[in-house]
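Chemist: okay, predicted coordinates and the sequence, questions at the end:
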Amino acid sequence: MTAAAIAPTDKSAPSARTATTADTSTTTGEGATSVPAVRLTGVGKTFRGGAPVLDGIDLTVAPGEFVCLLGASGCGKSTLLNLVAGLDAPTGGTVEVPSGRAALMFQESALFPWLTAGQNIDLALRLRGVSAKRDRRAEAERLLDLVRLRGSYDKRPHQLSGGMRQRVALARALAQDSPVLLMDEPFAALDAITRDVLHEELVRLWEATGLAVLFVTHNVREAVRLGQRVVLLSSRPGRVARQWHVDISQPRRIEDKAVADLSVEITEHLRKEISRHGR
């Protein structure tokens, strides 16, 4: 087996391979603990006048861990990301981001069209509190170079391809200097080749920066291609239905046999969740 499937944690006897909810630390090595990057305990969300969207979510993301959140449309994946980002509050349970902040990257690049690529990043740096214009320019140039867009500081969004705009959006998220990066289907609108290239770039940046990444997707193969762990949410209300630790070494390709085999297994569980919701 290339990955181990983990059933939902029995709260009366927590699995040794999943984070428990008894304290605020998570095991990262032999006998070692560290403060988690993200921790959700019993999180629920109900919008006024509606049915519960999320119910009893227990999820811990370790520092530097890449976790992909998967589920059918409407299961609450984006809602969960908004709760972690602090854009909304849970109606039950607790959301902890010990660093105090998380950077969020949306499905669309959401760049300001009247600003250049560099100025979009500059805005994030100003909001972060970098006061000196010279320092902001140098950091924006560095981040553009990091996402392989050297020389693009003065280009406006309409002069960039879809993939390049997403790179600028990623650089802007990195400009927030948060140890946690939240990504809400950032490559869904891109063609297959561009998406594959950006998968490689994201893995490269993740390995270089040591960020904790919580990545929302509908695409099972994308989740297996990228994540160290894949978390499947049930259909409404969203609950953690199953988890897989992906023991496939990077670099991975989306067409690799090990990726394909695990994707088939996860897809079967996803189909069951969709069928259950349809009844």
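Modeler: Sure thing, it's come through. As the structure is a computational prediction, the values presented were derived from the model and not from experiment. Numbering: from 1, shown residues only.

Chemist: wait, L111 sits on I121?
Modeler: No - counting by C-beta atoms under 8 Å, L111 stays clear of I121, with 9.6 Å between them. All C-beta atoms are positioned from the backbone trio N, CA, C, and that covers glycine.

Chemist: what about these two, which has more around it?
Modeler: Neighbours were counted for L111 and for I121 using other C-beta atoms under 10 Å; I121 has more, 29 against 22.

Chemist: report the contact partners of G238.
Modeler: By C-beta atoms under 8 Å, 6 or more residues apart in numbering, G238 lies in contact with V53, L54, D55, I57, G71, C75, G76, K77, T79, L80.

Chemist: can you lay out those as a markdown table showing pLDDT?
Modeler: Formatted as a markdown table, these follow (pLDDT from 0 to 100):
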| residue | pLDDT |
| --- | --- |
| V53 | 92 |
| L54 | 95 |
| D55 | 95 |
| I57 | 96 |
| G71 | 89 |
| C75 | 88 |
| G76 | 91 |
| K77 | 93 |
| T79 | 94 |
| L80 | 96 |
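
Chemist: just those: which are in helices?
Modeler: Among these, the residues falling in helices (DSSP state H) are K77, T79, L80.

Chemist: for the first one, which non-adjacent residue is closest in space?
Modeler: Counting by C-beta to C-beta, 6 or more residues apart in numbering, V216 is the residue found nearest to K77 once chain neighbours are left out, at 4.5 Å.

Chemist: what's in contact with the helix or strand hosting that neighbour?
Modeler: Following DSSP states H and E, one finds V216 within strand 212-217. Contact partners of strand 212-217, identified using C-beta under 8 Å, 6+ apart, comprise 37-38, 61-70, 77-78, 80-81, 84, 179-185, 188, 202, 206, 223, 226-227.

Chemist: what of stretch 127-140?
Modeler: With contact meaning C-beta under 8 Å, 6+ apart, stretch 127-140 is reached by G118, I121, D122, L125, R126, Y153, A171, A175, Q176, D177.

Chemist: before we move on, back to that, what's the pLDDT at the residue nearest to K77?
Modeler: Reported pLDDT at V216 in the predicted model: 96.

Chemist: for burial, what's the neighbour tally of it?
Modeler: Neighbours around V216, by other C-beta under 10 Å: 22.

Chemist: so in terms of bridging, what pairs with it?
Modeler: For V216, the beta-bridge partners are L69, D184 (DSSP bridges).

Chemist: what's the biggest helix by length in the chain packed up against?
Modeler: Scanning the chain for the helix with the most residues, using DSSP H, yields helix 257-278. In this structure, helix 257-278 packs against helix 220-226, strand 229-233, strand 240-246, with contacts taken as 3 or more C-beta pairs under 8 Å, 6 or more residues apart in numbering; DSSP states H and E.

Chemist: the inter-axis angle of it versus strand 229-233?
Modeler: Per axes from the mean of the first three to the mean of the last three C-alpha atoms, to 10 degrees, the angle that helix 257-278 makes with strand 229-233 is 10 degrees.

Chemist: quick one: mean pLDDT for helix 257-278?
Modeler: Here helix 257-278 scores 88 as its mean pLDDT.

Chemist: send the alpha carbons of it over as CSV?
Modeler: Coordinates of each C-alpha in helix 257-278 appear next as CSV, following Å, rounded to 0.1, in the frame of the first residue of the first chain:
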residue,chain,number,x,y,z
LYS,A,257,0.4,4.7,-10.9
ALA,A,258,0.6,5.2,-7.2
VAL,A,259,-1.3,8.5,-7.4
ALA,A,260,-3.9,6.9,-9.7
ASP,A,261,-4.3,3.8,-7.5
LEU,A,262,-4.9,5.9,-4.3
SER,A,263,-7.2,8.3,-6.2
VAL,A,264,-9.4,5.3,-7.2
GLU,A,265,-9.7,4.3,-3.6
ILE,A,266,-10.5,7.8,-2.4
THR,A,267,-13.0,8.4,-5.3
GLU,A,268,-15.0,5.3,-4.2
HIS,A,269,-15.4,6.8,-0.7
LEU,A,270,-16.3,10.2,-2.2
ARG,A,271,-19.0,8.6,-4.4
LYS,A,272,-20.5,6.9,-1.4
GLU,A,273,-20.7,10.3,0.3
ILE,A,274,-22.3,11.9,-2.7
SER,A,275,-24.8,9.0,-3.0
ARG,A,276,-25.6,9.2,0.7
HIS,A,277,-26.4,12.9,0.3
GLY,A,278,-28.6,12.2,-2.7
